[in-house]
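**Q** give me a 3D structure for the following:
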Amino acid sequence: LGYIGQALALQTISAGKAGFICSLSVITCPVLEALFDGVKVTPPFIAAILLSLTGVAALELTGDVTPSIGDVFALAQPLGFGFAFW
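**A** Modelled structure (predicted):
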């Protein structure tokens, strides 16, 4: 599911935008643990998520960032990998 979503996304959106969305797999597992396993959400937890999103956005997001169907395809990658690793 993850690789298929990533491949479909790269046909419709820029590589930088796909890279940003696909990098969300890094935070998917901690968020799933907080939602389903009862892991306590602390201020450092939230800060780490925001810091990682900001850093990757600064590196990857350039040009057009309007939402498109390719974003949904790209989102399948971090969700698929996150659920698989969780």
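
**Q** roughly how far does the residue nearest in space to the middle of the chain sit from P43?
**A** Relative to the mean C-alpha position of the chain, the nearest C-alpha, by Cα atoms, centre = their mean, is the one of L24, at 2.0 Å. The gap separating L24 from P43 is 21 Å, by Cβ to Cβ, to the nearest Å. Every C-beta, even on glycine, is put in place using the N, C-alpha and C of the backbone.

**Q** helices of the chain, residue ranges please.
**A** The residue ranges that make up the helices of the chain, judged by DSSP state H, are 2-12, 15-22, 25-36, 43-60, 69-85.

**Q** pick the most buried one from the ones you listed.
**A** With neighbours taken as mean count of other Cβ atoms under 10 Å, the helices of the chain reach their highest mean count in helix 15-22, at a mean of 20.

**Q** tell me which other helices or strands that one touches.
**A** Taking 3 or more Cβ pairs under 8 Å, 6 or more residues apart in numbering; DSSP states H and E as contact, the helices and strands that helix 15-22 lies on are helix 2-12, helix 43-60, helix 69-85.
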